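Undergrad: pasting the sequence and the predicted coordinates here, then a few questions.
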Amino acid sequence: MFEGGYLGKILRVNLSTREYRVDRLQESEVVKLLGGRGLAAKAYYDEIGPQVRPFDPANKAILMTGPLTGIRLPSTTKIGLSTKSPETGMYLCSNGGGDFGPQLKFCGFDGLIIEGQADDWTYLLIRDGEVAFGDASPWQGLTSGETLEVLKAAMGDRRAAALSIGPAAERLVRFSYVNVDTRAIGRGGAGAVLGSKRLKGIAVVGSGSIPVADAGRVREIRRAAIEELRETRANHTKYGTPQYIEIINELGCMPTRNFQTTYFEGADKIDAHVMRDKYWARNYGCYQCPVACGKVCEVKEGPFAGARARTEFETVALLGPNCGVEDYGAIIAANQLCDEIGIDTISAGNGIALTMELYERGLITSEDTDGIKARFGNAQALVDLVRLIGERRGIGDLLAEGMAHVARERPEWSRYILTVKGLPLAGYDPRGFHGNGLTYGTSSRGACHNVGGWTIRAELQSGQYDRFALKGKGVLVQTIQDNRAYVDSLGLCTVVRGSMDFRDNPRGDALEAVTGYNFTPQLMEIGARIYTLERLILNREGIRRKDDLLPERITRETVPSGPTKGRILTEDMYAVMLDEYYEARGWDGDGVPTPETIRELGLDELLSLDES
Amino acid sequence: MNSSLWMKANVQVQIKYLAALRDRTGRRQEEFSFPPGATLQDVAEWLNQRYPLSLPDPQVMATLNGRGWEQFPSKLSTEIKEGDVICLFPPIAGG
């Protein structure tokens, strides 16, 4: 059926038996789910039941590329992952950039499923169709970056790509990330799943090529897309995502001091101009990306001199304003430490902000923080608290178990904990953009701005959606989520999707030029199918309406200062949006897809569901 | 804007140039007084004369007190008021 884009094979590696085999990619599933996130969700549905716990050997790390991964089009870099999240205890979808996905396809595989649990620390080398198991015991304790280097050296090929974990994942810190060629599969703790399997990393290099249906047309699309991106993404090239610091702050949406308010008075000390003028060293681009939005930053002087990291908006927002820190050098140092020990900067920033609020309220003392004076704005404390989490010392040991665990252990702290389904909020306060609250509440993986559907541009630009209105937000969020679900299944970075017309009214022919199959008219339906498939998985794991609610601070505390002073998103206000959303999706009032919806999306056939 | 209106200028607004817009204006923010009855269209024309801008422009997001200009029922005919805050910034698309 497909003339290009897919290789037709999934590599399955069992760490318990040290064996591997090759499965066939099912075309009937591809037609319905496209690739990447969609196929990873289906494999999760089939293979990871609700009884499986995150650190059980029965949990799996399912990595799937999309039809565009590795193709000579802009930023065809992505690989999607699904697993049972150690941070939330439920389904997790996440994705990463770098060269790992493309190289896996050059080996002839559309996906890679890691299962079982090794007896001793192990690494994998995948070269074309062959898999070698290596002894990673000497690499215990290496940072995630050092591990990438030793993996590539072990492969002995400069083209090799790699993914790795750091020491935090070895210690099962529940929000450990997977370092993918210095990009991240960041949220939800997939790194800890690999840690539980004693898999320190994987290197991959392939010598094959990926067939395309119409190479000439692909070249034309590439040229036009690059030309458009040079114009429309010039600001991304110069400033990267840190350009949003100033904007989100002025809009009164910036998480500040553990979401106690939405405007950070020190934002002008950490905005993109400060980054560019004082800290920027060079740009970083993923596979085939002309935008190169990654900003490698270095601290040249002061107490954090020598620190080096690629700061992104979310990282700056959560480690900066949310911890009251206005020292960009400290943010870089904390970012670097998160990368080295291998933890998600969003969850880390939330955990540190919680610690600072508890400390300032006198609910914990220096005894809990190993002597660290954990006050908001204390730049050195920010860095030291990252280390405390990574080394599981003091309150860091509790935080390392994730916010859901903290809330269970210390219910009296719940009002200071900002999560949905156990996943900490990202860098936007929903009291500033109410649609963003629905985004967090209904995201398939907990409070995520990407999977949940990033509404802020629509809420600012469209005459249809006032940012503080409730009506219409259900449909808006559904539309953005479906768009994102199919883009995450293409293998394409979201930053470039517009250049190839992968919007909510998809028009382009890039996918047809690559695969020879005209997916375009069905893409939004595929997105809706993936989203409802993910909801069925979540339902199976016990998730219902009660779990789609927002944290207390957002629904019960008004914003005390800044441009959105006096704003709140109460439970009643939120319920209006949630009801509309469920209706738009064809889910019942408890957030369960109706039999009609399941049938309309073809999920009954795809999942072999009995009539009910 | 005619000169008689200009003499009675008394609607002072704050204009902020965020992120890459600062590169185009050379400044972070400024305050300016417009005549009574001035609209967002007047602000746009003033900005276009002063800086290399051609508002309204899909490559520039413009807000009045935190809402997009196009979100007001009267759109660019919306009258500005004393103390209003206008922000200009590049299109945003998630972090």
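TA: Here it is on my side, so go on.
Undergrad: what's around the closest residue to chain B within chain A, how many residues?
TA: Relative to chain B, the nearest point of chain A is A:Phe313 (3.4 Å; C-beta to the nearest C-beta). For every residue, glycine as well, the C-beta is placed using N, CA and C. Counted with other C-beta atoms under 10 Å in any protein chain shown, the neighbours of A:Phe313 add up to 24.
Undergrad: ok, it touching A:His449?
TA: No: applying C-beta atoms under 8 Å, one finds A:Phe313 not in contact with A:His449, separated by 10.0 Å.
Undergrad: please enumerate the strands of chain B.
TA: Assigned by DSSP state E, chain B shows strands spanning B:11-17, B:29-34, B:61-64, B:67-68, B:85-89.
Undergrad: got a markdown table for those strands, with distance to chain A too?
TA: Formatted as a markdown table, the strands of chain B follow (distance: least, C-beta to the nearest C-beta, whole Å):
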| stretch | distance to chain A |
| --- | --- |
| strand B:11-17 | 6 |
| strand B:29-34 | 10 |
| strand B:61-64 | 6 |
| strand B:67-68 | 5 |
| strand B:85-89 | 5 |
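Undergrad: export the ones you listed to CSV and tack on mean neighbour count and mean pLDDT?
TA: Formatted as CSV, the strands of chain B follow (neighbours: other C-beta atoms under 10 Å in any protein chain shown; pLDDT from 0 to 100):
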stretch, mean neighbour count, mean pLDDT
strand B:11-17, 18, 97
strand B:29-34, 14, 96
strand B:61-64, 22, 96
strand B:67-68, 19, 95
strand B:85-89, 22, 98
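Undergrad: so which of these gets nearest A:Gly351?
TA: Taking C-beta to C-beta, strand B:85-89 is the member of the strands of chain B nearest to A:Gly351, at 30.6 Å.
Undergrad: now what about the closest one, what contacts it?
TA: For strand B:85-89, contacts defined as C-beta atoms under 8 Å, 6 or more residues apart in numbering or on different chains pick out A:246-247, A:250-251, A:563, B:13-21, B:25, B:43, B:47, B:53, B:55, B:60-66, B:80.
Undergrad: next, the angle from it to strand B:11-17.
TA: Per axes from the mean of the first three to the mean of the last three C-alpha atoms, to 10 degrees, the angle that strand B:85-89 makes with strand B:11-17 is 20 degrees.
Undergrad: quick one, what contacts the residue of chain A closest to chain B?
TA: Contacts of A:Phe313 (C-beta under 8 Å, 6+ apart): A:240-245, A:248, A:427, B:95.
Undergrad: switch the cut-off to 10 Å
TA: Applying C-beta atoms under 10 Å, 6 or more residues apart in numbering or on different chains to A:Phe313 gives the contacts A:239-245, A:247-248, A:272, A:426-428, A:449, B:92, B:94-95.
Undergrad: ok, now A:Val495?
TA: A:Val495 touches A:74-75, A:97, A:229, A:233, A:236, A:240-241, A:286, A:289, A:291, A:293, B:93-94, counting by C-beta under 10 Å, 6+ apart.
Undergrad: wait, a helix at it?
TA: Yes: under DSSP: H, G, I helix; E, B strand; the rest coil, A:Val495 falls within a helix.
Undergrad: can you tell me if stretch A:408-420 touches chain B.
TA: No: taking C-beta under 10 Å from any C-beta of the partner chain as the criterion, stretch A:408-420 and chain B are apart, separated by no less than 17.0 Å.
Undergrad: what is the mean pLDDT for that stretch?
TA: If you average the pLDDT over stretch A:408-420, you get 98.
Undergrad: what separates it from the chain centre, distance-wise?
TA: Remark: stretch A:408-420 is offset 23 Å from the chain centroid, using C-alpha atoms, centre = their mean, to the nearest Å.
Undergrad: buried residues in it?
TA: Across stretch A:408-420, burial judged by 16 or more other C-beta atoms under 10 Å in any protein chain shown covers A:413, A:416-420.
Undergrad: which ones among the residues you listed lie within strands?
TA: Cross-referencing these against strands under DSSP E gives A:419-420.
Undergrad: and the furthest pair within the buried residues of stretch A:408-420?
TA: Maximum distance among the buried residues of stretch A:408-420 (C-beta to C-beta): 16.6 Å, for A:Trp413 and A:Val420.
Undergrad: for A:Thr69, what are its contacts?
TA: Neighbour list for A:Thr69: A:5-6, A:35-36, A:76-80, A:100-105, A:110, A:210, A:287, A:490-492 [criterion: C-beta under 10 Å, 6+ apart].
Undergrad: what angle do the lengthiest helix in chain B and strand B:85-89 make?
TA: Secondary structure of chain B per DSSP state H: the longest helix is helix B:40-50. If you take the same axes, to 10 degrees, helix B:40-50 sits at 50 degrees to strand B:85-89.
Undergrad: alpha carbons only: can I get helix B:40-50 in CSV?
TA: C-alpha atoms of helix B:40-50 as CSV (Å, rounded to 0.1, in the frame of the first residue of the first chain):
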residue,chain,number,x,y,z
LEU,B,40,-6.2,51.5,17.7
GLN,B,41,-6.0,52.5,14.1
ASP,B,42,-4.4,55.8,15.1
VAL,B,43,-2.0,54.0,17.3
ALA,B,44,-1.1,51.6,14.4
GLU,B,45,-0.5,54.6,12.0
TRP,B,46,1.6,56.3,14.6
LEU,B,47,3.7,53.2,15.1
ASN,B,48,4.0,52.6,11.3
GLN,B,49,5.3,56.1,10.8
ARG,B,50,7.8,55.9,13.6
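Undergrad: can you tell me, leaving aside adjacent residues, what's nearest to A:Arg553?
TA: The spatially closest residue to A:Arg553, leaving aside those adjacent along the chain, is A:Phe259, at 5.4 Å (C-beta to C-beta, 6 or more residues apart in numbering or on different chains).
Undergrad: that neighbour in helix, strand or coil?
TA: Secondary structure state of A:Phe259, per three-state DSSP, is coil.
Undergrad: near it, how many other residues are there?
TA: Counted with other C-beta under 10 Å, the neighbours of A:Phe259 add up to 27.
Undergrad: residues in chain B within reach of chain A, list them.
TA: B:16-23, B:28-29, B:58-59, B:61-63, B:65-73, B:75, B:85, B:87, B:89-95.
Undergrad: show me which residues of stretch B:48-57 are buried.
TA: Across stretch B:48-57, burial judged by 16+ other C-beta under 10 Å covers B:51, B:53, B:55.
Undergrad: for these, which one is nearest chain A?
TA: Of all the buried residues of stretch B:48-57, the one with the least separation from chain A (C-beta to the nearest C-beta) is B:Leu55, at 14.0 Å.
Undergrad: residue contacts, the nearest residue to the closest one once chain neighbours are set aside?
TA: Once flanking residues are discounted, B:Leu55 sits nearest to B:Ala44: 4.0 Å by C-beta to C-beta, 6+ apart. Contact partners of B:Ala44, counting by C-beta under 10 Å, 6+ apart, are B:53-57, B:60, B:62, B:69, B:76, B:86, B:88.
Undergrad: how about these in JSON lines, adding distance to A:Val204?
TA: Converted to JSON lines, the contacts of B:Ala44 look like this (distance: C-beta to C-beta, whole Å):
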{"residue": "B:Leu53", "distance to A:Val204": "48"}
{"residue": "B:Ser54", "distance to A:Val204": "48"}
{"residue": "B:Leu55", "distance to A:Val204": "49"}
{"residue": "B:Pro56", "distance to A:Val204": "48"}
{"residue": "B:Asp57", "distance to A:Val204": "44"}
{"residue": "B:Val60", "distance to A:Val204": "43"}
{"residue": "B:Ala62", "distance to A:Val204": "47"}
{"residue": "B:Trp69", "distance to A:Val204": "49"}
{"residue": "B:Leu76", "distance to A:Val204": "54"}
{"residue": "B:Ile86", "distance to A:Val204": "51"}
{"residue": "B:Leu88", "distance to A:Val204": "45"}
